[in-house]
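*Asks:* Here is the input, now give the coordinates:
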Amino acid sequence: MPTFQLNILVSKTTKKEQINYKQPKLKEFFEFSGHEYATHVVVGITYRANATITFTDTNRHGHDKNKVEGKMSLELKELEKICPKLGNFSANANANDYNEEWKNEETKISVHTDVPSADKILPRTAEDAIKYIEKFGAEKIGTQQIFHLLPIANLSHYLQKDSNLETKFASIGSGKIHRIESLFDEIDETYGQMQDIWADINNTASIPRDEKFMFQRHMKEMSDDIAEIKDDIKQLVLKVRATVVDPNVLEEKFNTIQKESKASATNFKNFLNRNQNIIERAKFLRECETKGAKTAIDDCRLSEIKRNNIDRNIYILFLSFERERNSDRLNCFYRLLRHPRPQDCFVVVETDSWNGKKEEIPKRATIQFFVDGKLIEEDYDINERYLSKKQFSMDELIWQIKHFVV
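*Replies:* So this is what the prediction gives:
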């Protein structure tokens with residue numbers, strides 16, 4: 001059975017406060033010194049009250065959808081009659097995942113507002129909602145939502161005060177403003193990409209410590225760069241506005257950032273290109289781990305895995321991701337991962353990042369197969385369906401034939 005909702009959104013201006021700065025008596029209260037970077041003065045504040053009223057009908061008795069929506073639409077029309085008394089008003093009735101029966105004990109009404117009513121009584125029926133909306137904002141309270149600003153230069157001109165504002169403030173063209181916005185978007189985007197890359201590398205067990213440290217340090221330097229860039233640009237904008245420096249210094253700063261900052265798109269792209277193999281390797285190892293494989297970076301970790309899984313069938317893939325990412329052995333290992341059995345344990349050793357003696361591991365892509373802690377096959381081929389005492393019950397033989405016969 002569908003659920004129905006009627007949502008009423010009300011926004012009403014409750015109060016406005018404004019300074020009449022043209023009153024002659026106020027002239028003596030204006031002071032311009034000590035605010036060399038200020039550009040505007042607040043001359044008015046608008047307060048508004050907002051509320052959302054939601055009626056929810058679960059239609060537990062299974063009434064016809066159109067009938068229930070029709071009842072809700074009638075209630076909506078009653079509410080719309082008082083719209084001219086409100087500020088902004090909008091409402092809609094629709095079917096969704098909630099529900100109760102309209103306008104009886106099963107109807108639920110919820111109210112969310114930033115200005116609670118003085119009597120603290122919330123509506124429980126549609127009639128209550130109408131009364132609530134009619135009284136809404138009557139207390140003349142609300143939240144500050146609109147600030148009315150006046151340029152200090154205009155105020156100074158009107159008051160005929162000698163604050164040198166004509167020479168103290170300079171405008172910044174829309175082109176430079178857009179350049180600042182684009183620069184901030186660019187460095188925030190590159191930093192977001194760096195965070196994603198670092199998460200992959202940091203959460204992968206078999207990435208060498210020095211590589212992890214290098215990426216962590218680079219991310220920290222990018223973060224420091226971005227904070228410094230934003231602060232420098234802010235200070236330059238203030239100085240340009242105050243005519244302390246020439247507006248062209250902004251363009252010079254943009255060019256310097258593009259050339260020198262680690263967070264600039266150009267320098268970040270160069271960083272990715274230099275370290276692409278590490279990044280792709282981390283993604284590969286993370287993918288293997290999510291599929292259920294364990295990873296080992298040195299002999300201690302590999303020996304630990306073997307000891308902890310001595311009573312299981314262990315498949316160990318030795319592979320150089322840079323040279324052998326498209327090898328048949330990797331495809332074979334993926335096929336094993338797709339059809340795991342309770343007695344299976346899968347291990348990946350990425351040989352380029354192996355932190356031990358290279359002569360202890362195979363020189364090419366290989367799958368070693370262990371049963372009861374003993375090496376049974378130095379290069380296991382899934383298509384040969386190697387027979388061992390643990391693999392060859394009739395059920396397992398049928399499983400092998402079903403999944404791996406080519």
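*Asks:* looking at this structure, which helix or strand is least sure?
*Replies:* Ranking every helix and strand in the chain by mean pLDDT, DSSP states H and E puts strand 88-96 at the bottom, with a mean of 43.
*Asks:* all strands of the chain, in order?
*Replies:* Under the criterion DSSP state E, the chain contains strands at 3-18, 40-57, 88-96, 108-113, 143-151, 294-295, 313-319, 344-350, 366-371, 374-377.
*Asks:* Could you dump the ones you listed into JSON lines with distance to residue 157 added?
*Replies:* Heads up, the C-betas are built off the backbone N, CA and C, glycines and all. As requested, the strands of the chain are exported to JSON lines (distance: least, Cβ to Cβ, whole Å):
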{"stretch": "strand 3-18", "distance to residue 157": "20"}
{"stretch": "strand 40-57", "distance to residue 157": "13"}
{"stretch": "strand 88-96", "distance to residue 157": "36"}
{"stretch": "strand 108-113", "distance to residue 157": "42"}
{"stretch": "strand 143-151", "distance to residue 157": "9"}
{"stretch": "strand 294-295", "distance to residue 157": "71"}
{"stretch": "strand 313-319", "distance to residue 157": "76"}
{"stretch": "strand 344-350", "distance to residue 157": "71"}
{"stretch": "strand 366-371", "distance to residue 157": "83"}
{"stretch": "strand 374-377", "distance to residue 157": "91"}
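*Asks:* which stretch among the ones you listed comes nearest residue 228?
*Replies:* strand 40-57 (27.6 Å; Cβ to Cβ).
*Asks:* Could you pull out the buried residues of the closest one?
*Replies:* Of the residues in strand 40-57, 41, 46, 47, 48, 49, 50, 51, 53, 55, 56, 57 count as buried by neighbour count, 16 or more other Cβ atoms under 10 Å.
*Asks:* Mind putting those into CSV with distance to residue 327?
*Replies:* Shown next, in CSV, are the buried residues of strand 40-57 (distance: Cβ to Cβ, whole Å):
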residue, distance to residue 327
41, 71
46, 69
47, 70
48, 66
49, 68
50, 62
51, 65
53, 64
55, 63
56, 59
57, 62
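*Asks:* which non-adjacent residue is nearest residue 172?
*Replies:* Closest residue to residue 172 apart from its sequence neighbours, by Cβ to Cβ, 6 or more residues apart in numbering: residue 240 at 6.0 Å.
*Asks:* What pLDDT is listed against that neighbour?
*Replies:* Listed pLDDT for residue 240 reads 85.
*Asks:* gap between it and residue 177?
*Replies:* To residue 177, residue 240 is 11 Å away according to Cβ to Cβ, to the nearest Å.
*Asks:* between the two, which one's more packed in?
*Replies:* Neighbours of residue 240 and residue 177, each counted by other Cβ atoms under 10 Å, are more numerous for residue 240; the result is 20 against 13.
*Asks:* contacting residues around that one?
*Replies:* If a contact means Cβ atoms under 8 Å, 6 or more residues apart in numbering, then residue 240 has 170, 172, 246, 247, 249, 250 as its contacts.
*Asks:* Give me the phi and psi angles of the third one.
*Replies:* What that stands for is residue 246. phi -70, psi 140 (degrees, to the nearest 10).
*Asks:* which one is it nearest to, not counting chain neighbours?
*Replies:* Closest residue to residue 246 in three dimensions, ignoring its sequence neighbours and counting by Cβ to Cβ, 6+ apart: residue 240, at 7.7 Å.
*Asks:* circling back: next one: the residue nearest to residue 172 from residue 124, what distance?
*Replies:* 59 Å.
*Asks:* all helices of the stretch 251-400 of the chain, in order?
*Replies:* In the stretch 251-400 of the chain, helices defined by DSSP state H, counting those that start in this stretch lie at 265-274, 276-290, 299-308, 321-324, 328-338, 394-404, listed in chain order.
*Asks:* Mind putting the ones you listed into CSV with distance to residue 357?
*Replies:* What follows is those, written out as CSV (distance: least, Cβ to Cβ, whole Å):
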stretch, distance to residue 357
helix 265-274, 28
helix 276-290, 20
helix 299-308, 8
helix 321-324, 19
helix 328-338, 22
helix 394-404, 34
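*Asks:* Quick one: closest of the ones you listed to residue 7.
*Replies:* Checking the helices of the stretch 251-400 of the chain against residue 7 by Cβ to Cβ gives helix 276-290 as the closest, at 40.8 Å.
*Asks:* Which positions in that closest one come out as buried?
*Replies:* So helix 276-290, judged by 16+ other Cβ under 10 Å, has buried residues 278, 281, 282, 284, 285, 286, 288, 289.
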